[in-house]
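In: Take this sequence and fold it.
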Amino acid sequence: MTRAKDISKILTDANISGTLDVSGAFTSQGIDDNADATAITIDSAERVGIGIVPDTTSNGKSLQINRTLINDDDAGSLHISQNGYYNSAWKYVENGTAEKITFGTGIITFDRATSNSGGADASLSWSESMRINSSGAVSIGTTASPNNAPLLIHCGTDDNIRFNQETHATISAVNDVANAFVALKLEGDDILLNSQSGNNVAIGTSSADSNHKLEVTSGGTSEVGIRSGNTNEAILNFGRTNDRLRGRIAYNNSSEYLAFWTNQGEKMRIDSSGNVGINTANPSTLLHLAGTFGFGKAAMSSATTAGDFTITLSNLTTLNGANWREHGLLMYYMGVDGSLANSTTLFTSIRLRGLNTWDATVQSNIISTATISASSKTTTGVTITVDVPNNNNGTVFVLCLGGNNTPNISISG
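Out: Residues are numbered from 1 along each chain as shown. Okay, here's the model as predicted:
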């Protein structure tokens, strides 16, 4: 038999032109080592086998190295398969699992097949494991392409996803029915996201209370920080399903104040000096209360006025019988006219009195020139009009006490 090295010598030593015709398959035995085993086989369909007679493939030319095949399918796709070949349908080369990479038009897919025990040429069914689309986006566990994302991972029930970096960092997606969550562990601390048991976020613990949407746990001091720009606000908002903002705690880094909101509006502020303002954004004293405020069975209020003004008291204990004698009113007023030439000072104590019927007047002790010009009442309130000389602008302070309820005070005028 003429071996490949002999052919090489002939070609080297002789001047040969034309072609070498080989009928059937071309085989070469022991190219360099004079062995008798077949090293390369090229069959009549231009399929090449190295160390093996190539399996018959019907979807284009192929190169086979033991169980690994490289072949195209005459449709623009190139396949690299391990233990699988295509001859009208995909088949196993021999027993065992099979894997395949397909380079298509604008897409690369990675497929696998379960272990075969039916021997050579048994039917093979691929299951796609991963694909890379023309944009470079990667899908794992699904044939769907990511939507505006570089990576899409889908796993079945009871399958977990983990990314590990030695012992310092781990990201795990646990997907069993009873306990689905995403866990991020950094240097021993746990962060659990979207736990199925409570849809919560837990930091520092793997067993957050199901009622806590956010739980931060530490064996020592725990801090939660919100940082903004140097001249912006750091804000914590509270809302509900239909309203994003119902309450708020906001720190203003420009003016250095802390504001508290309820019912979509600011109700209290602590300024940079530590002054606390309730119902005012400009507290001028350590505790600045604007409007009516109550304590026990008493309430106080103050307001600026222009000329005559009225005081309306409500939420009083029912005004009949002896209950009238349980209510009292203390009022202090000072005002001046526009030229500052005339001033008015009024200090009065008023007793709300009556038995079974309403006495149209109130018993009062008035100091200075202002007078009470009219009064009216309901079963739980009274309105008093104060006549101020010269229509002076002024400030009035009112204290109401007594009864079983905390009174409400309104000043207008």
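In: Read off the pLDDT value for Asn15.
Out: Per-residue pLDDT puts Asn15 at 50.
In: Any idea what Thr305 is bridged to?
Out: Gly394 (DSSP bridges).
In: What of His79?
Out: With DSSP bridges as the rule, His79 is bridged to Asn71, Thr102.
In: ok, it to Ala290 distance?
Out: 80 Å (CB to CB, to the nearest Å). For the C-beta atoms, the positions are set from N, CA and C on the backbone; glycine is no exception.
In: Settle it for me: which of these two has more neighbours?
Out: His79 (24 against 15; other CB atoms under 10 Å).
In: what about the more buried one, distance to Asn59?
Out: For His79, the distance to Asn59 equals 8 Å [CB to CB].
In: Spit out the residues that contact the two alike.
Out: Residues touching both His79 and Asn59 comprise Asn71, Asp72, Asp73, Tyr86, with contact defined as CB atoms under 8 Å, 6 or more residues apart in numbering.
In: could you flag which of these are buried?
Out: Asn71, Asp73, Tyr86 (16 or more other CB atoms under 10 Å).
In: wait, what's in contact with the last one?
Out: Right, the one you point to is Tyr86. For Tyr86, the contact set (CB under 8 Å, 6+ apart) comprises Thr57, Ser58, Asn59, Asn71, Asp73, His79.
In: so it is in which element?
Out: strand 84-87 (DSSP states H and E).
In: Tell me, how many residues neighbour Thr385?
Out: Thr385: 16 neighbours (other CB under 10 Å).
In: what bridges to it?
Out: Beta-bridge partners of Thr385, as defined by DSSP bridges: Thr310, Ala374.
In: residues contacting it?
Out: Thr385 neighbours (CB under 8 Å, 6+ apart): Asp308, Phe309, Thr310, Ile372, Ser373, Ala374, Ser375.
In: how about the nearest residue to the fifth one, chain neighbours excluded?
Out: What sits nearest to Ser373 in space, not counting adjacent residues and going by CB to CB, 6 or more residues apart in numbering, is Asp387, at 4.0 Å.
In: Is the one you found in contact with Asp308, as I believe?
Out: Yes. Counting by CB atoms under 8 Å, Asp308 is a contact partner of Asp387 at 5.5 Å.
In: which neighbours do those two share?
Out: By CB under 8 Å, 6+ apart, the residues touching both Asp387 and Asp308 are Ser373.
In: Okay, now the sheet partners of the strand holding Tyr86, with direction.
Out: strand 89-92 (antiparallel).
In: Using CSV, write down the CA coordinates of the partner strand.
Out: Output in CSV follows, covering the C-alpha atoms of strand 89-92 (Å, rounded to 0.1, in the frame of the first residue of the first chain):
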residue,chain,number,x,y,z
ALA,A,89,-33.3,14.7,11.8
TRP,A,90,-30.9,15.2,14.7
LYS,A,91,-29.4,12.0,16.0
TYR,A,92,-26.9,11.0,18.7
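In: how about it: buried residues?
Out: Buried residues in strand 89-92 (16+ other CB under 10 Å): Trp90, Lys91, Tyr92.
In: residues in contact with that strand?
Out: Contacts of strand 89-92 (CB under 8 Å, 6+ apart): 55, 83-85, 98, 113, 116, 118-126.
In: Quick one: mean pLDDT for it?
Out: Averaging pLDDT along strand 89-92 yields 90.
In: any chance you could map the helices in the protein?
Out: For the chain, the helices defined by DSSP state H cover 4-13.
In: need the strands for the stretch 251-400 of the chain, in chain order.
Out: 257-262, 265-270, 276-278, 287-289, 293-295, 298-306, 309-314, 327-336, 343-352, 363-367, 371-377, 382-387, 393-402 (DSSP state E, counting those that start in this stretch).
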